[in-house]
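> Pasted the sequence and its predicted model underneath.
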Amino acid sequence: YAYITDGETVIGSSNETQHGKPVSQVALICALDEAGGGSTMTRINTNEAFLGVRGLYRDYRLYVFMAESYVFARSRNAVIAVFGVYAAAVVVMLLLLMGADQERKRREKIYQRQLEAEVQRATAADRSKTDFLRSMSHDIRTPINIIMGMLEIIGRSPDDRERVQDCREKAQTAARYLLALVNDVLTLNRLSRKETASVTMPYRLSTELDEVMLLARAQAEAKGVTVKTEEMALEYDELQGNPLYLRQIGQNIIGNAIKYSFPGGEVRCRFRTAYDADGICRLTFICEDDGVGMSEEFQKHMFEAFAQENPVRDDTAGGVGLGLAVVKRIVDEHGGTIRVDSAPGEGTRFEISMPVTPCAIPEPAAIPAALPSLTGCRILVAEDNDLNAEIAMTILAGAGMEVDHAADGIQCIDMLEKAEPEYYDLILMDIQMPNMDGYKATRAIRRFSDKKKAGIPIVAMTANAFQDDIRDCIDAGMNAHIAKPIDV
């Protein structure tokens, strides 16, 4: 009998039934190892007397056994046979080891190629991160510089009301630009993670488009451009989906058309919903302008993040080059298409087609003739940042409400516990606070034995604006979510 093992398992044998067996289950091998046998013939006893020999090569072991009775009955032929079997076993083992060595080298080459690919991906990711930070650095610093400059001018001319008002408006424009930049970055991140793909709600398309066009006309008026709605053929107005995406598409496409139009120029928009030949209801949005247009070369990479052919760098009007990247991601995510026709000096035409889902929206409840007054309502603001707390308390107090301030979750819980039942009408809860965050504070409040205090409305007021942040707030027991900065 001949066996080849790796020390634990039989990987080769003259008896095929022994393949794959643990060494501990092969009686001959166990007997030879216990007898201390090695490269010299050793006599062992199992159910029958055997002569055995063991050889080593790297991490492998070769065992050869022959019945003692057979050896002495045919001594000359037996000895020749033993050496023949041993030689054959050595050849087999060498072939196995050569094959294993080739397999090891093959795997090493595959692993090396994988490492090289990972290095290339890491290098590309690092380069992309560097380009992102370089672009963001400029486009964040520009509006911050405007805001700080306008505040400095206000400080030097506090009595010049006209100049102060002008500086305030410019500072607010820069701040809105910063917020739009952050929103675009967050949208790209959400779409890459497919985070909001399942967020749907019923909405009226006409209402959303009216808001988009209202903002567009305000932007166009400041630029001296006319915005026209040439067609609003909404065969299906009540839809199910995420209206946020629709607004971002409209604001980015129409906003770019206005931005790169000449004073006195015109932007024309058309909107249609109808079923196509394939039985799919589609929204078609066409936006045309007679502005600066785009070169054929730029159109090849116009949907890349931060791509700009005609950047406006003297103020915040030029943007950061994320708008078309956001639009492309949204349209692709929803299985839509984008067609672009443009030439330098001849304007640009965008045609976007996206599948939409019609639905029936129930009639809204009647709005009372007079909304209830907030005057006298007591609000507890849990906010660790003193400036943010001051802003919120000033706004609420201006609306006639009485406001108390807690610097963290622990203080918020303590103030609510010590207050009379129904003393506070609402808690505005920050999330990231020292000592105890807003999630833990909310869960602790919901466990109060006093059911009235435990059921107090709690609204998250936080800069954590991702969809999973909103979900975490609701899961913690909060009633609603307001993202900072607060739009007053």
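Alright, I've got the coordinates. Numbering: from 1, shown residues only.
> how about the nearest residue to Lys170, chain neighbours excluded?
Met150 (5.2 Å; Cβ to Cβ, 6 or more residues apart in numbering). C-betas here are computed from N, CA, C, even on glycine.
> For that neighbour, give me its contacts.
By Cβ atoms under 8 Å, 6 or more residues apart in numbering, Met150 lies in contact with Cys167, Arg168, Lys170, Ala171, Ala174.
> Quick check: Arg339 vs Ala463, distance?
Arg339 sits 38 Å away from Ala463, going by Cβ to Cβ, to the nearest Å.
> Of those two, which one has the most company?
Taking neighbours as other Cβ atoms under 10 Å, Arg339 and Ala463 compare with Ala463 leading, 14 against 10.
> That one against Ala483, yeah?
Yes. In this structure, Ala463 is within contact of Ala483 by Cβ atoms under 8 Å, at 7.1 Å.
> that older thread, put the buried members of the contacts of Met150 into a ChimeraX selection.
Here is the ChimeraX selection string for the buried members of the contacts of Met150, based on 16 or more other Cβ atoms under 10 Å:
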select :167,170,171,174
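> Mind checking which of the contacts of Met150 are in helices?
The helices, defined by DSSP state H, take in Cys167, Arg168, Lys170, Ala171, Ala174 from the contacts of Met150.
> Just send those back as CSV, with pLDDT and distance to Gln18 too.
Formatted as CSV, those follow (pLDDT from 0 to 100; distance: Cβ to Cβ, whole Å):
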residue, pLDDT, distance to Gln18
Cys167, 88, 91
Arg168, 87, 90
Lys170, 82, 87
Ala171, 84, 85
Ala174, 75, 81
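> Quick check: of the residues you listed, which lies closest to Arg54?
Ala174 (83.5 Å; Cβ to Cβ).
> So the closest one versus Gly149, what's the distance?
Taking Cβ to Cβ as the measure, Ala174 and Gly149 are separated by 9 Å.
> And Met429, by the same measure?
Met429 sits at a distance of 35 Å from Gly149 (criterion: Cβ to Cβ).
> of the two, who's got more company?
Taking neighbours as other Cβ under 10 Å, Met429 and Gly149 compare with Met429 leading, 29 against 14.
> Please name the residues that touch the more buried one.
With Cβ under 8 Å, 6+ apart, Met429 has these contacts: Ala382, Cys412, Gly438, Ala441, Thr442, Ile458, Val459, Ala460, Met461, Thr462, Met478.
> Would you state the secondary structure element containing the residue nearest to Lys170?
Taking DSSP states H and E as the criterion, Met150 maps to helix 75-156.
> now that helix: mean pLDDT?
Helix 75-156 carries an average pLDDT of 71.
> hey, which helix or strand in this structure has the poorest pLDDT?
helix 68-73 (a mean of 66; mean pLDDT, DSSP states H and E).
> before we move on, the earlier item: got JSON lines for the contacts of Met150, with distance to Leu62 too?
Formatted as JSON lines, the contacts of Met150 follow (distance: Cβ to Cβ, whole Å):
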{"residue": "Cys167", "distance to Leu62": "91"}
{"residue": "Arg168", "distance to Leu62": "90"}
{"residue": "Lys170", "distance to Leu62": "87"}
{"residue": "Ala171", "distance to Leu62": "85"}
{"residue": "Ala174", "distance to Leu62": "81"}
